[in-house]
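1. could you look at this predicted model? Sequence included:
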Amino acid sequence: MYELKTKENDHSVIEFIEKIENPKKRGDAYTLLDIFTQTTGFQAKLWGSSIIGFGSYHYRYKSGHEGDAPLVGFSPRKAKISLYLAPYEPQRDELLLNFGKHTTGKGCVYINKVADIDVEVLKKLIQQSVAYLNKLYPST
């Protein structure tokens, strides 16, 4: 049976951020930590070894695969900062038009630095992702 590698754990988010070598990326991580915390109202938790997540939900696919994931989060990776937002949220693409410099992947939005984006649009993306996932996967 498949076991998820990315699980919530008790490692320190601050210690993780402090280990980021690039001082600008470390500063952006602290900025994002503040934005996500204030916008969601959730305490940051480390998921796996490098994802800072906020809130959580339990999903179950038709295939039977199930697990837990953060509602939203980010990861300050070496190349780019990954933002974890609901990929199929209906207004996401429209909001991304005014987001600033970014790229998208299958499930993530990637930015180089916080200065490249509109923080107010990020807050809307976070709020809508949380609302969408809570509606899609209501807690029991």
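-> Right, received. Where do you want to start? Values in this document were obtained by computation on a predicted structure and should not be read as measured data.
2. show me what contacts Asn22?
-> When the contact criterion is Cβ atoms under 8 Å, 6 or more residues apart in numbering, the partners of Asn22 are Lys78. Where C-beta positions appear, they are placed from N, C-alpha and C, glycine not excepted.
3. now do the SS call for the nearest residue to Pro70 once chain neighbours are set aside.
-> Take Pro70 and drop its neighbours on the chain: the residue closest to it by Cβ to Cβ, 6 or more residues apart in numbering is Gly53, 2.6 Å away. For Gly53, the secondary-structure state derived from DSSP: H, G, I helix; E, B strand; the rest coil is strand.
4. which ones are touching Gly53?
-> So, once contact is read as Cβ under 8 Å, 6+ apart, Gly53 ends up touching Glu8, Ala44, Lys45, Leu46, Trp47, Ala69, Pro70, Leu71, Val72, Gly73, Tyr84.
5. who does it bridge with?
-> Lys45, Gly73 (DSSP bridges).
6. ranges for the helices of the chain?
-> With helices called from DSSP state H, the chain shows them at 13-18, 23-40, 92-96, 119-136.
7. and of those helices, who's closest to Lys80?
-> helix 23-40 (9.7 Å; Cβ to Cβ).
8. got the buried residues for that closest one?
-> Applying a neighbour-count criterion of 16 or more other Cβ atoms under 10 Å, the buried positions in helix 23-40 are Lys25, Asp28, Ala29, Leu32, Leu33, Ile35, Phe36, Thr39, Thr40.
9. how about the last one: what's its closest non-neighbour residue?
-> Nearest residue to Thr40 in three dimensions, chain neighbours excluded: Phe54, at 4.4 Å (Cβ to Cβ, 6+ apart).
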